[in-house]
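Q: what follows is a predicted structure for the sequence shown.
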Amino acid sequence: MGKEIEEHVRERYLTEEEAAKYRKIRELVAEELPDLRQRATARLRELRDAAEVFAELRKVREAQGLSLADVQRITGIDRSALSKLERGERANFTVDTLTRYAAAVGKHVSFHLTDATEA
């Protein structure tokens, strides 16, 4: 399953300074948490969008009867990397990788900007 949570018991009480330090840290985390959650949600949305693009490229590739080896030969991108991209297992890719793959199956990549608050 997961890693067991260990319970740590202090052998002494915190001093007032130590307690104040930990309270301050908890307050800072509480202040930053909403922004961190929002940024994490946005990043997950971006990853989902990228995964959808690569899944679509896979459908196009398969419809054209191209294998991953064929796309590797055309693009120079490693076949296992292509496979991981198609399955959404690789989040770090370059625009060059995306455009080379798209070109290999006769597609063009276009980008558009939206406000960060839009979903």
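A: In hand now; what should we look at?
Q: who touches residue 53 in this structure?
A: Contacts were defined as CB atoms under 8 Å, 6 or more residues apart in numbering; by that measure residue 53 touches 98, 109. (Each C-beta comes from the backbone N, C-alpha and C, glycine too.)
Q: can you give me the separation between it and residue 46?
A: Remark: distance between residue 53 and residue 46 (CB to CB, to the nearest Å) = 11 Å.
Q: same question, residue 40
A: 11 Å.
Q: with residue 93 instead?
A: As judged by CB to CB, residue 93 and residue 46 stand 12 Å apart.
Q: and these two? Which one has more around it.
A: Neighbours of residue 93 and residue 46, each counted by other CB atoms under 10 Å, are more numerous for residue 93; the result is 15 against 11.
Q: so residue 97 is in which element?
A: In this structure, residue 97 sits in helix 95-104 according to DSSP states H and E.
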